[in-house]
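The sequence and its predicted three-dimensional model are supplied below.
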Amino acid sequence: MASNEFKLVSPAIDNEGGGKLPRFYTQEGVGSKWDISPPLEWHNPPPKTKSFALVVQDIDAVDPAGNPVQLTHWVVVNIPATVRGLPEGFSGKEGEVGAEFAAIEEGLNDWKVNLWRGPKMPNYGDRFEFRLYALDYETHFDNQVTKLKLKLLDAIAAHTVGEAILTATF
């Protein structure tokens with residue numbers, strides 16, 4: 001792997017692909033470490049990057065009829081190009097984590113909440129894809145944006161200059 005590759009990693013997850021998502025980042029956690037967003041870091045964004053957007057999905061989920069459906073667990077937009085990661089427990093605490101994160105908004109996930117929603121049974125064994133989009137413009141979405149409803153992916157398609165993916169299993 002080239003050292004200048006745009007890369008998304010987490011100090012809490014084995015970053016060599018398919019690492020296990022620790023229990024406290026799921027709805028199966030305990031105590032104060034329950035369903036908190038994992039720490040993320042990214043390195044070597046493309047030179048034209050002006051902002052980032054993050055979408056986290058369960059890529060192995062199925063609906064009650066057994067049809068594949070990608071459940072969106074977290075949407076984060078308006079991430080400035082100067083930011084190189086999100087701290088553990090960032091979700092729901094944007095105003096408490098520092099001025100550099102002030103512009104960042106959490107969009108609606110498939111549970112219609114603006115928060116990280118970790119996995120729970122019966123999704124054990126599913127793969128979770130953290131996909132970070134490097135964009136060539138500064139995004140200005142509000143917290144009502146979703147992966148599809150307000151067409152986030154359509155809006156950023158022509159402006160994506162790079163993607164970094166981290167996959168973890170539940």
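Looks like it came in fine.

C-alpha from now on. contacts and neighbour counts both.
Noted.

give me the beta-bridge partners of Leu166?
Note on Leu166: beta-bridge partners Phe130, judged by DSSP bridges.

low pLDDT regions in the protein?
Where the chain drops to pLDDT under 70, the residues are 1-3, 15-18, 31-32, 94-95, 122-123, 143, 148-150.

Backbone torsions only: list them for the residue nearest to Gly29 when sequence neighbours are not counted.
Sequence neighbours aside, Arg23 is the residue nearest to Gly29 in space, at 5.1 Å (criterion: Cα to Cα, 6 or more residues apart in numbering). Backbone torsions of Arg23, given as degrees, to the nearest 10, read phi -60, psi -40.

Determine the number of other residues adjacent to Arg23.
Using other Cα atoms under 10 Å, Arg23 has 18 neighbouring residues.

cool, and the one 4 residues further on?
Around Gln27 sit 16 other residues, with neighbours defined as other Cα under 10 Å.

quick one: it and Lys33 touch, right?
No. Using Cα atoms under 8 Å, Gln27 makes no contact with Lys33, being 9.7 Å away.

need the contact list for Met121.
Counting by Cα atoms under 8 Å, 6 or more residues apart in numbering, Met121 touches Glu28.

Just say helix, strand or coil for Leu153.
Classification of Leu153 by DSSP: H, G, I helix; E, B strand; the rest coil places it in helix.

ignore the last one, Ile156
Strictly by three-state DSSP, Ile156 counts as helix.

ok, what's across the strand from the residue lying closest to it once chain neighbours are set aside?
Residue nearest to Ile156 in three dimensions, not counting chain neighbours: Leu135, with 7.1 Å by Cα to Cα, 6+ apart. Per DSSP bridges, the residues bridged to Leu135 are Ser51, Thr160.

residues contacting Leu135?
Leu135 neighbours (Cα under 8 Å, 6+ apart): Lys48, Thr49, Lys50, Ser51, Phe52, Ala53, Ile156, His159, Thr160, Val161, Gly162.

Give me the buried entries from those.
Among the contacts of Leu135, those scoring as buried are Thr49, Lys50, Ser51, Phe52, Ala53, Ile156, His159, Thr160, Val161, Gly162 (criterion: 16 or more other Cα atoms under 10 Å).

I'd like those residues laid out as a markdown table, including distance to Leu86.
Output for these, formatted as a markdown table (distance: Cα to Cα, whole Å):
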| residue | distance to Leu86 |
| --- | --- |
| Thr49 | 17 |
| Lys50 | 17 |
| Ser51 | 14 |
| Phe52 | 12 |
| Ala53 | 12 |
| Ile156 | 21 |
| His159 | 22 |
| Thr160 | 20 |
| Val161 | 20 |
| Gly162 | 18 |
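
Thanks again, I'm all set now.
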